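K.L.:
Here you go, sequence then predicted model.
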Amino acid sequence: MKLISVVIPAYKAEKFIIKTLSDVKSTLDQIRYKYEIICVVDGKVDRTYEEAEEFASKFPRKIKVFGYKNNLGKGHAVKYGMAKAKGDIVGFIDAGLDINPNAISMLLEHFEWYNADIIVGSKRHPASKVKYPWQRKIVSFFSQILIGMLFGLKVKDTQAGVKFFKKEVLNKVMPRLLVKRWAFDIEMLAVSNYLGFRRIYEAPIELKLEFGGLSTLTSGGFLTILWGTFIDTLAIFYRLRIMRFYDYKNRKNWVTRKYLKGKI
């Protein structure tokens, strides 16, 4: 029987990490596969680690919690957790994001239907039920045009916070990755596609993102994310198409397993 690993990156999540873990566990309890949940606390700056560890102690065979002192970025946290995953299929879902955890079941069903290398939760899938500001929709539309032009990716949404990968894909792709923060999703998908893992499909999600906070173009935080993602995306293109950094001949310069395990 296949083992499913779900990585949950968390930062400043003390108010909702228990709910996230509980919801994801409840969803996974209903699937026909064995599973493990790996929560990675990206910076011990509040009580997120303690709250997660206390909840996980009730289910030691199902939930593992890891953490480190400094905030290094969501991309780092996801890669850290994936390096520790034992599953045949490994994915992640953002802590606190208003994506219905049942999307996990839908993504896994699509994985099987398509015999996929990668399944991406997509806000723009025709069966998705989403509520998020029109400003974000416009940004998403134009960003996906850019990403398609730069990397040849066929998916319409690379940024929704839930994705699943075959372990063999991760074994090839993970050591090559550099992005720690904004565009790590794009780097994972672009490098996977470049290496020949082109069975990348989208699955529907349910998402509710209210106005305010990081939701609108007038938000300083959102503009920071938008600009950071744009710069990271151009850097990925430069490494991929100009430097050929991700080619096997450059393996001496790749990220090491030591990095993925948080040693440096």
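P.N.:
Yep, that arrived.

K.L.:
Now stretch 239-253: buried residues?
P.N.:
239-240, 245-246 (16 or more other CB atoms under 10 Å). Using the backbone N, CA and C atoms, a C-beta is placed for each residue, glycine as well.

K.L.:
between the residues you listed, which is closest to Lys123?
P.N.:
Nearest to Lys123 among those, counting by CB to CB, is Leu240 at 24.9 Å.

K.L.:
residue contacts, Glu109?
P.N.:
Listed by CB atoms under 8 Å, 6 or more residues apart in numbering, the contact set of Glu109 reads Ala203.

K.L.:
cutoff 10 Å now
P.N.:
Contacts of Glu109 were listed using CB atoms under 10 Å, 6 or more residues apart in numbering, and they are 31, 119, 203.

K.L.:
I'd like the distance between the first one and Phe184.
P.N.:
What it means is Ile31. As judged by CB to CB, to the nearest Å, Ile31 and Phe184 stand 26 Å apart.

K.L.:
okay, the two: which has more neighbours?
P.N.:
Counted by other CB atoms under 10 Å, Ile31 and Phe184 do not tie: Phe184 has more neighbours, with 22 against 14.

K.L.:
what sits up against the helix or strand hosting Ile225?
P.N.:
Using DSSP states H and E, Ile225 falls within helix 220-237. Contact with helix 220-237 is made by 73, 75, 133, 135-136, 139, 143, 146-147, 149-151, 158-159, 177-191, 213-217, 219, 243, 245-246, as judged by CB under 10 Å, 6+ apart.

K.L.:
Which members of those occur in strands, if any?
P.N.:
Using DSSP state E, the subset of the contacts of helix 220-237 located in strands is empty.

K.L.:
how far does stretch 32-49 sit from the chain's center?
P.N.:
On the basis of CA atoms, centre = their mean, to the nearest Å, stretch 32-49 sits 13 Å off its chain's mean C-alpha point.

K.L.:
if we can go back for a sec, name the nearest of the buried residues of stretch 239-253 relative to Ser22.
P.N.:
Nearest to Ser22 among the buried residues of stretch 239-253: Tyr246, at 38.1 Å, using CB to CB.

K.L.:
Could I get the contacting residues of that closest one?
P.N.:
173, 175-178, 187, 190-191, 194-195, 236, 239-240, 253-254.

K.L.:
and the two most separated of these?
P.N.:
Top of the distance list for the contacts of Tyr246 (CB to CB): Ala190 and Asn253, 17.4 Å.

K.L.:
about what we covered before: show the buried residues in the contacts of Tyr246.
P.N.:
By neighbour count, with 16+ other CB under 10 Å, the contacts of Tyr246 hold 173, 175-178, 187, 190-191, 194-195, 236, 239-240, 254 as buried.
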